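1. Take this sequence and fold it.
(one chain, ligands or ions: 2)
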Amino acid sequence: MEGITEKINKLKREKNAVILAHCYQNAEIDEVADYVGDSLYLSQMAAKTDADIIVFAGVYFMAQTAKILSPDKKVLLPRLESGCLMADMINLQQLREFKSKYPNIPTVCYINSTAEVKSECDICCTSSNAIKIVDSLKAEKVLFLPDTYLGKWVESKLKGVEVITYPGYCPTHLRIKAEDIISMRKKYPEAKILTHPECHKSVTEISDYVGSTTGIMKYAQESKAKQFIIATEKGVYDRLKRDLPEKEFIMIKDNIICPNMKWHTLDDIYNALLHEQHEIDVEKGLAEKALGCIDRMLECSNKSDNLPSTPGRGRHVVPGEGFK
Ligand code: 13P
Ligand code: SF4
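-> Ligands and ions are numbered 1, 2, ... in the order given. So this is what the prediction gives:
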């Protein structure tokens with residue numbers, strides 16, 4: 001009898017569809033995903049795919065970004081409940097109020113934001129290119145939203161730029177506390193502590209490495225260390241444990257899980273492909289305005305970043321052959 005993976009792969013071929021999956025997804029999604037990676041990598045893939053249908057196993061803003069980048073393609077989000085709590089912390093009116101307090105300052109929005117918000121920002125960024133994007137503006141002051149912790153982390157890495165941040169945050173990453181890092185250090189003195197920049201400053205300051213989802217995975221892969229504490233969403237830990245069995249990975253604490261990322265199951269992906277549901281649409285005028293903000297990021301990012309090619313930085317899966 002045909003299993004769910006085979007059924008999905010068959011539909012993918014019939015419909016010329018591609019599945020993009022974020023690293024926070026349930027790990028079994030990788031069995032059918034064509035590309036697995038962080039938000040920068042997935043937006044690069046959404047922009048260049050020649051598939052007719054993109055199934056996005058991620059959160060709403062990611063599918064919306066894919067639609068803006070590939071307006072002629074059908075973009076499907078298997079479960080519509082998959083929002084991002086941080087992205088929902090700022091709407092257009094709140095953005096306008098924030099900007100009006102600081103006139104004539106360039107505005108950088110984290111990709112974790114709505115199309116409406118992107119449409120009125122100068123440039124977008126992800127956690128893997130935020131430092132480069134802010135630096136590229138060559139400004140003394142920059143407005144950054146919605147994530148105050150990512151913005152302040154960028155400021156700490158750059159000299160001579162004041163990053164004025166909007167008070168948004170990720171509830172999942174803020175569950176990680178400085179005391180968790182201190183107690184894990186005591187318990188595992190040899191381990192490297194790898195942290196996402198959405199974490200609180202008191203956490204990033206005392207970590208060994210701070211970087212995006214795939215930055216963390218690449219660090220673990222290339223490091224000579226054998227033991228790592230993972231201070232980000234559990235999906236990263238699940239993939240590292242699976243992909244690097246010769247190394248030891250320990251979650252910083254239980255329940256560092258983004259509930260919205262975990263909605264999609266293989267059944268949902270199958271139904272999304274079969275019924276071509278739930279289609280994400282962005283009004284043309286709005287999409288064109290938001291595209292400028294995303295395109296400026298991709299252009300700046302592409303100047304020196306090659307697409308990830310190492311395991312853990314996005315894998316192309318050939319059905320039946322496993323990961324490459
Ligand atoms: P990445 O840019 O590392 O994929 O992070 C996206 C995100 O939502 C983290 O919470
Ligand atoms: Fe949004 Fe946080 Fe979930 Fe990332 S982990 S998608 S920032 S709520």
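
2. Distance of Ile229 relative to ligand 2?
-> Ile229 sits 18 Å away from ligand 2, taking C-beta to the nearest ligand atom, to the nearest Å as the criterion. From N, CA and C alone the C-beta is placed, and that goes for glycine too.

3. and that residue, what does it touch?
-> Ile181, Met184, Tyr188, Ala191, Lys192, Ile193, Leu194, Ile250, Met251, Ile252 (C-beta atoms under 8 Å, 6 or more residues apart in numbering).

4. and the host helix or strand of it, which strands flank it?
-> Secondary structure assignment for Ile229, by DSSP states H and E: strand 227-231. Strand 227-231 has the following sheet partners, assigned by DSSP bridges: strand 192-195 (parallel), strand 248-251 (parallel).

5. anything in it sitting right up against ligand 1?
-> No - using C-beta under 6 Å from any ligand atom, strand 227-231 stays clear of ligand 1, with a minimum separation of 12.1 Å.

6. Tell me which helix or strand comes right after that strand.
-> Per DSSP H and E, the first helix or strand lying C-terminal to strand 227-231 is helix 234-243.

7. what's that next one packed up against?
-> On a contact count with 3 or more C-beta pairs under 8 Å, 6 or more residues apart in numbering; DSSP states H and E, helix 234-243 meets helix 213-222, strand 227-231, strand 248-251.

8. most packed of these?
-> Stretch with highest mean neighbour count among these: strand 227-231 (a mean of 23; mean count of other C-beta atoms under 10 Å).

9. now the angle from that one to helix 213-222?
-> Strand 227-231 runs at 170 degrees relative to helix 213-222, counting by axes from the mean of the first three to the mean of the last three C-alpha atoms, to 10 degrees.

10. orientation of strand 227-231 relative to helix 234-243 in degrees?
-> Going by the same axes, to 10 degrees, strand 227-231 makes 160 degrees with helix 234-243.

11. Extract the CA atoms of strand 227-231 and return them as CSV.
-> The C-alpha trace of strand 227-231 is given here as CSV (Å, rounded to 0.1, in the frame of the first residue of the first chain):
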residue,chain,number,x,y,z
GLN,A,227,28.8,18.8,22.8
PHE,A,228,26.3,21.6,22.1
ILE,A,229,23.5,23.3,24.0
ILE,A,230,20.8,24.5,21.7
ALA,A,231,19.1,27.7,22.7
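
12. Right, and ligand 1 sits closest to which residue of the stretch 1-150 of the chain?
-> Closest approach between the stretch 1-150 of the chain and ligand 1, counting by C-beta to the nearest ligand atom: Asp38, at 3.2 Å.

13. what's near enough to touch that residue?
-> Residues near Asp38 by C-beta under 8 Å, 6+ apart: His22, Cys23, Thr126, Ser127, Ser128, Ser212, Thr213, Thr214, Gly215, Arg313, Gly314.

14. Need the phi and psi values for it.
-> phi -90, psi -180 (degrees, to the nearest 10).

15. Gly37 now?
-> phi -180, psi -160.

16. Does it touch Ser212 like I think?
-> No - with contact defined as C-beta atoms under 8 Å, Gly37 does not reach Ser212; the gap is 9.5 Å.

17. So for the two, which residues contact both of them?
-> Common neighbours of Gly37 and Ser212 (C-beta under 8 Å, 6+ apart) do not exist.

18. what about Met62, neighbour count?
-> The number of residues packed near Met62 is 27, by other C-beta atoms under 10 Å.

19. Quickly note the distance from it to His22.
-> 7 Å (C-beta to C-beta, to the nearest Å).

20. got it, and Ile269?
-> 13 Å.

21. What of Lys10?
-> Counting by C-beta to C-beta, the gap from Lys10 to His22 is 24 Å.

22. can you check Pro78 too?
-> 12 Å.

23. Now the common contact residues for these two.
-> Shared contacts of Pro78 and His22, counting by C-beta under 8 Å, 6+ apart, come down to Ala57.

24. re the thing from before, of all the helices and strands packed on helix 234-243, which one comes closest to Val282?
-> With C-beta to C-beta as the criterion, Val282 lies closest to helix 213-222 of the helices and strands packed on helix 234-243, at 24.5 Å.

25. Is the closest one in proximity to ligand 2?
-> No - under the criterion of C-beta under 6 Å from any ligand atom, helix 213-222 makes no contact with ligand 2; the nearest approach is 9.1 Å.

26. For that helix, C-alpha coordinates in CSV please.
-> Provided in CSV are the C-alpha atoms of helix 213-222 (Å, rounded to 0.1, in the frame of the first residue of the first chain):
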residue,chain,number,x,y,z
THR,A,213,18.7,28.8,12.4
THR,A,214,21.0,27.5,9.7
GLY,A,215,23.9,29.6,11.1
ILE,A,216,23.6,27.5,14.3
MET,A,217,23.4,24.2,12.3
LYS,A,218,26.5,25.2,10.2
TYR,A,219,28.4,26.1,13.4
ALA,A,220,27.6,22.8,15.0
GLN,A,221,28.6,21.0,11.8
GLU,A,222,31.9,22.8,11.4
